[in-house]
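Student: Provided below for reference: sequence and predicted model.
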There are 4 protein chains.
Amino acid sequence: MDWDQFYVPYQQTVTELKVKLRGLRNQYEKDGKNSPIEFVTGRVKSQASIEEKIVRRHLDEARLSLDLQDIAGVRIMTKYVEEIYTVVELLRGRTDFQILEERDYVMNAKPSGYRSYHMVIEYPVQMYSGEKKVLAEIQVRTVAMNVWATIEHDLRYKHGDELPKQIAEQLTVLADRNFEWDQRVSEIRAAE
Amino acid sequence: MDWDQFYVPYQQTVTELKVKLRGLRNQYEKDGKNSPIEFVTGRVKSQASIEEKIVRRHLDEARLSLDLQDIAGVRIMTKYVEEIYTVVELLRGRTDFQILEERDYVMNAKPSGYRSYHMVIEYPVQMYSGEKKVLAEIQVRTVAMNVWATIEHDLRYKHGDELPKQIAEQLTVLADRNFEWDQRVSEIRAAE
Amino acid sequence: MDWDQFYVPYQQTVTELKVKLRGLRNQYEKDGKNSPIEFVTGRVKSQASIEEKIVRRHLDEARLSLDLQDIAGVRIMTKYVEEIYTVVELLRGRTDFQILEERDYVMNAKPSGYRSYHMVIEYPVQMYSGEKKVLAEIQVRTVAMNVWATIEHDLRYKHGDELPKQIAEQLTVLADRNFEWDQRVSEIRAAE
Amino acid sequence: MDWDQFYVPYQQTVTELKVKLRGLRNQYEKDGKNSPIEFVTGRVKSQASIEEKIVRRHLDEARLSLDLQDIAGVRIMTKYVEEIYTVVELLRGRTDFQILEERDYVMNAKPSGYRSYHMVIEYPVQMYSGEKKVLAEIQVRTVAMNVWATIEHDLRYKHGDELPKQIAEQLTVLADRNFEWDQRVSEIRAAE
């Protein structure tokens, strides 16, 4: 498999979505309005990570673009929990991609404590040979949720992707405290 | 008029088109193919230049986005004359914008000697308030044509946008020589 | 005062420092090592903010580049508290700027609850007329400290730069909880 | 050999030099002055190209950073021939790198017809382990010289790096015509 070629449409999707979503933040600022988008990051799934999933989930290489929905991934960070839903509405209103699936892990955290709003979209990339529809995952979360996810990902990575039970439990506690913190912030903001 | 706000959709259009067209070059390279796109530049028309056109052509500020088709401008440079048409075909095949108008100043140079292929397109930008259709001009030319246009623009600018007749004539001669040069290059390339 | 001209060396300083510090993160990754630098942001102080300081602190416009040390500002975010000091050591070892001042607001939080490590540096920018020494402020903090600072800044901005006492107090409580959270994370990490 | 690691200081050098030299252009513009720098590009020498040189010139891998002076390469394009020397003076006045060597292929073209001003510099990059001095090549040329070099490089590449004698001769003729063209432009500009 030629990975360089394989990544072209995914990398292009990530680059275009980043430029588009960062542009929104800029538009809010120029209009003198508060932007619900604090910052945007993006990445393509690493080759090692894709190969690991092929083995673990018995995936067919020829069907990768259908079976892996997060090869292209974009993350939108908001300051406040309630802004996550403003961003979700914003994404629903766009005409440049189609939303295939939505999952609310903000209000329904994963057992690990992880919170984020997930969307799988189908984004049309213009290749020189014509349009190609690419699956991409958009995650929307507060900056605080993003801090927890960053730490959890780092500790998990150091333990070879499998966290010892005790650490996992401690991280779940920290995730919960983090969310309480986020809710306190929203209360302070609302009380103004 | 709030120029900062005015420019938002145009600047966004230019940024998106640059990222998209540069992505094509990358795709050719990753496929081990020669890219007809050598490099891509973009700019929004300066405020001074727009204001000058409003005065000279008696434009209505409220109709600027309709009457000025090149507020957003993108330029694609090719190595060879024949590649200009490869790029034109490529642009015609895209589904992310609509072509409104095409003018071939490559084979039919302007009296000044200027050569380029011009397209006016309608590009949909996603604003937070919804989709907005933006007019943009795409110019396709060889790197050599671009050199002449750069020089001509610089000398014209120094003379307050109006070239003395003698200089204009000399530049037309240089444009013609430039095109002969481009054609010699194409012959050498074809003879291989 | 021509602000466009005024900002040139500061903007250039920020751009260069961002590129340099982000390069370090890349170097760690290519060496297969954990990077103490999670991400880097930068900004020049807004014109409104400079003008406000001129009035409030009776500054002399001609001495702005000496009296305001944070016109150019760069921020380095780490995952863990202890990494802040790794980054500080890294900055001390560089030969491309000189450190004029250091303040540890990490271990000695400001009364508001604010935590960060501050450095004032003198960075030499190459202008076309020669070298110009520019003051810049580098802030080093964890991603969690950065979340609090982002929220605090946003709420303060909405109250016209002056937070009502009650909100300020609540934010101080949240800052303390945030730091406890950061310390718990470090404990979990150390216990591995 | 770990190429990813090998490239880090060279890629960093190219990135920093591009940002610094493009900043100069910006400075001229903000000062309302004509910039002698039209645009700046940069690249690191490809792995294939380095490996080919190792074989052909019997280089020692351990001495690559000393024996290959153009692993990091930056190109500055000017509009006019005389501006090449303005840029050379500008580079000589900088304090952020040291010039080791200069070669004027502008006034003394290579037998192929190639024209450019070459400089070898020693640029200090800040690695996390300390400062590292990196050799880099800066080429200064007009936009027209750059067009010829682009075409010549492309045709040479298609012939496996070795141009048939007849094509080489035709390209030399085109290089000479190109330089006459550049000189005519300078005469017109000087006559204003």
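Tutor: Received, thanks.
Student: could you check whether the lengthiest strand in chain A is close to chain B?
Tutor: Taking DSSP state E as the criterion, chain A has its longest strand at strand A:130-142. Yes: using Cβ under 8 Å from any Cβ of the partner chain, a contact is recorded between strand A:130-142 and chain B, made by A:130-131. For glycine as for every other residue, the C-beta is placed from the backbone atoms N, C-alpha and C.
Student: Partner strands of that strand and their direction?
Tutor: Sheet pairing of strand A:130-142 (DSSP bridges) gives strand A:72-78 (parallel), strand A:117-127 (antiparallel).
Student: most packed of those?
Tutor: Comparing the strands paired with strand A:130-142 by mean neighbour count (mean count of other Cβ atoms under 10 Å in any protein chain shown), strand A:72-78 ranks first with a mean of 24.
Student: Could you identify the helix or strand that succeeds that strand?
Tutor: Once the chain leaves strand A:72-78, the next helix or strand it forms, by DSSP states H and E, is helix A:81-92.
Student: For the next helix or strand along the chain from that following helix, report the contacting residues that lie outside it.
Tutor: Using DSSP H and E, the next helix or strand after helix A:81-92 towards the C-terminus is strand A:98-104. Contacts with strand A:98-104, where a contact means Cβ atoms under 8 Å, 6 or more residues apart in numbering or on different chains, come from A:69, A:88, A:91-92, A:117-122, A:135.
Student: of all the strands paired with strand A:130-142, which lies closest to A:Ala191?
Tutor: Smallest distance to A:Ala191 across the strands paired with strand A:130-142 (Cβ to Cβ): 19.1 Å, for strand A:72-78.
Student: that older thread, need the strands paired with strand A:130-142 in TSV (columns: mean pLDDT).
Tutor: Below are the strands paired with strand A:130-142 laid out as TSV (pLDDT from 0 to 100):
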stretch	mean pLDDT
strand A:72-78	98
strand A:117-127	98
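Student: can you pull the contacts of the residue nearest in space to the middle of chain A?
Tutor: By Cα atoms, centre = their mean, chain A has its centre lying nearest to A:Gln139, at 2.5 Å. Taking Cβ under 8 Å, 6+ apart, we find A:Gln139 in contact with A:73-76, A:116-119.
Student: out of those, what pair is the most spread apart?
Tutor: Longest span within the contacts of A:Gln139, Cβ to Cβ: A:Gly73 and A:Tyr117, 13.6 Å.
Student: now for the strands paired with strand A:130-142, which one comes closest to C:Lys165?
Tutor: Nearest to C:Lys165, of all the strands paired with strand A:130-142, is strand A:72-78, at 27.2 Å by Cβ to Cβ.
Student: Convert the closest one to PDB, retaining C-alpha atoms only.
Tutor: What follows is strand A:72-78, C-alpha atoms only, in PDB (Å, rounded to 0.1, in the frame of the first residue of the first chain):
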ATOM      1  CA  ALA A  72      -9.400  12.600   8.900                       C
ATOM      2  CA  GLY A  73     -10.100  14.300  12.200                       C
ATOM      3  CA  VAL A  74     -10.900  17.800  13.200                       C
ATOM      4  CA  ARG A  75     -11.400  19.200  16.700                       C
ATOM      5  CA  ILE A  76     -13.200  22.400  17.700                       C
ATOM      6  CA  MET A  77     -12.600  23.800  21.200                       C
ATOM      7  CA  THR A  78     -15.100  26.100  22.900                       C
END
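Student: now that strand against helix A:81-92, angle please.
Tutor: 140 degrees (axes from the mean of the first three to the mean of the last three Cα atoms, to 10 degrees).
Student: Alongside chain C, which residues does chain A contribute?
Tutor: A:34, A:38, A:79, A:143-144, A:146-147, A:150-151, A:154-155, A:158-159, A:167, A:170-171, A:174, A:177-178, A:181, A:184-185, A:188-189, A:191-192.
Student: Just the buried residues out of those, in PyMOL syntax.
Tutor: Selecting only the buried entries of the residues of chain A next to chain C in PyMOL, with 16 or more other Cβ atoms under 10 Å in any protein chain shown as the criterion:
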select buried, chain A and resi 38+79+143+144+146+147+150+151+155+167+170+171+174+177+178+181+185+188+189
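Student: So which of the residues of chain A next to chain C belong to helices?
Tutor: Those of these mapping onto helices are A:143-144, A:146-147, A:150-151, A:154-155, A:158, A:167, A:170-171, A:174, A:177-178, A:181, A:184-185, A:188-189, A:191, per DSSP state H.
Student: Outside of the lowest-mean-pLDDT helix or strand in chain A itself, list whatever touches it.
Tutor: Least confident helix or strand of chain A, by mean pLDDT, DSSP states H and E, is helix A:64-67 with a mean of 90. Helix A:64-67 is contacted from outside by A:6, A:50, A:54, A:57, A:59-60, A:71, A:134-135, using Cβ under 8 Å, 6+ apart.
Student: Kindly recompute the last result at 10 Å.
Tutor: For helix A:64-67, the external contacting residues (Cβ atoms under 10 Å, 6 or more residues apart in numbering or on different chains) are A:1, A:6, A:9-10, A:50, A:53-54, A:57-61, A:71-72, A:132-135.
Student: what comes up buried for it?
Tutor: A:65, A:67.
Student: Take the strands paired with strand A:130-142 and write them to CSV, including distance to D:Lys20.
Tutor: CSV is the format used below for the strands paired with strand A:130-142 (distance: least, Cβ to Cβ, whole Å):
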stretch, distance to D:Lys20
strand A:72-78, 31
strand A:117-127, 34
